[in-house]
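> Got a sequence here, can you build the structure:
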Amino acid sequence: MEWTTIVIRLATSIMIGGLVGLERELEHKPAGLRTIILVCLGSTIFMLIGLELGLASSELGRIVAGAVTGVGFLGAGAIIRARGEVYGLTTAATIWLVSGLGLAIGAGYYLLAIIACVSVLIVLRILGIVEKTMSRK
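I've put the predicted structure just below:
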């Protein structure tokens with residue numbers, strides 16, 4: 001793989017992670033801009049390493065599975081139980097999903113990552129407004 005391709009994938013990862021991270025930052029969530037970018041970038045790097053090593057698809061599948069599992073632990077740290085209620089599930093899900101975006105970008109699936117990023121932003125922004133409106137009523 002050429003270095004220009006690697007740089008484009010890393011830059012795309014930072015931009016897409018940054019968009020989702022900015023939304024989380026604006027909502028004052030614990031996993032904000034830097035955390036979300038780092039999760040996306042890390043997953044992109046894991047996939048790029050697998051591709052650079054010329055791993056077979058089954059071995060790349062193990063990289064994906066490892067990233068999903070590892071990021072699951074990171075997301076679990078964002079979940080808090082207090083006074084009988086659970087907080088941070090959306091943040092944990094966002095961390096997990098952004099890892100998937102990073103893996104897609106690392107594999108070169110830019111269109112998938114862009115469409116998924118827009119979908120994530122719609123879910124977080126629009127449905128967040130809907131939830132707030134419904135809870136007031």
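
> switch to C-alpha atoms for all contacts and neighbour counts from now on
Noted.

> so where's this protein uncertain?
137 (pLDDT under 70).

> Look up the closest residue to the most centrally placed residue in it, ignoring the ones flanking it.
The chain has residue 98 as the residue nearest its centroid, 0.7 Å off, counting by CA atoms, centre = their mean. In this structure, residue 98 finds its nearest non-sequential neighbour in residue 40, 5.4 Å apart by CA to CA, 6 or more residues apart in numbering.

> starting at the chain centroid, how far to the longest helix seen in the chain?
The helix that spans the most residues within the chain, counting by DSSP state H, is helix 110-136. Computed by CA atoms, centre = their mean, to the nearest Å, the chain-centroid distance of helix 110-136 equals 14 Å.

> ok, now stretch 89-98?
7 Å.

> what does stretch 26-38 give?
Stretch 26-38 sits 11 Å away from the centroid of its parent chain (CA atoms, centre = their mean).

> what's the burial count for residue 9?
24 (other CA atoms under 10 Å).

> Actually, residue 52.
As a measure of burial, residue 52 has 12 neighbours, counting by other CA under 10 Å.
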